[in-house]
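Participant: build me a model from this:
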Amino acid sequence: MKTLLTGSAASPHSAEWQSIKPKRKIALQLCWTALTGTLNATIELHLSLDRSEVTIAHTVTITTATNAADRLLLELETASGFYRLVYAPGGVTGGTIKILSEEE
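Facilitator: Below you'll find the model as predicted:
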């Protein structure tokens, strides 16, 4: 398991681009805890063939203070060459965010 992103939920974060190997599945686990402030943060899954032209493949809007007991799991299987996750805090003023990945 690999940690793609971890840190304060009050700050924006962008994970490094990760390559996608052909015919592989990737699982992404998104976790946030003890969020404070206005709960309207977002996590975007970006896909790209070349790391410059970006497609937003999925957006998660965070509306709860924690999901530690029921973490969000996204599965990715695509022919795209690269992916990354981008976190925007919106009105969140505290707490933590963590995103893990596992490749099959």
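
Participant: only C-alpha atoms from now on, for both contacts and neighbour counts.
Facilitator: Will do.

Participant: and residue 44, what are its bridge partners?
Facilitator: In this entry, residue 44 is beta-bridged to residue 59, residue 86, by DSSP bridges.

Participant: per-residue pLDDT, the most centrally placed residue in the chain?
Facilitator: Nearest residue to the geometric centre of the chain (C-alpha atoms, centre = their mean): residue 85, 4.1 Å. Here the pLDDT value assigned to residue 85 is 95.

Participant: the one 4 residues further on too?
Facilitator: As summarised for this prediction, residue 89 has a pLDDT of 98.

Participant: could you measure it against residue 1, distance?
Facilitator: Remark: distance between residue 89 and residue 1 (C-alpha to C-alpha, to the nearest Å) = 25 Å.

Participant: these two: who's more crowded?
Facilitator: More neighbours surround residue 89 than the other of residue 89 and residue 1, with 23 against 9 (other C-alpha atoms under 10 Å).

Participant: got the contact list for the more buried one?
Facilitator: 9, 10, 11, 12, 40, 41, 42 (C-alpha atoms under 8 Å, 6 or more residues apart in numbering).

Participant: picking up where we left off before, now for the residue nearest to the centre of the chain: which residues touch it?
Facilitator: By C-alpha under 8 Å, 6+ apart, the neighbours of residue 85 are 14, 15, 16, 43, 44, 45, 46.

Participant: please report how far it lies from residue 32.
Facilitator: Distance, residue 85 to residue 32, by C-alpha to C-alpha: 14 Å.

Participant: so residue 75 is in contact with residue 27, correct?
Facilitator: Yes: counting by C-alpha atoms under 8 Å, residue 75 does reach residue 27; the two are 4.5 Å apart.

Participant: those two - which one has more neighbours?
Facilitator: Looking at residue 75 and residue 27 with other C-alpha under 10 Å, you find the greater number of neighbours at residue 27, namely 16 against 13.

Participant: so for the more buried one, what's the pLDDT?
Facilitator: Turning to residue 27, the model gives it a pLDDT of 94.
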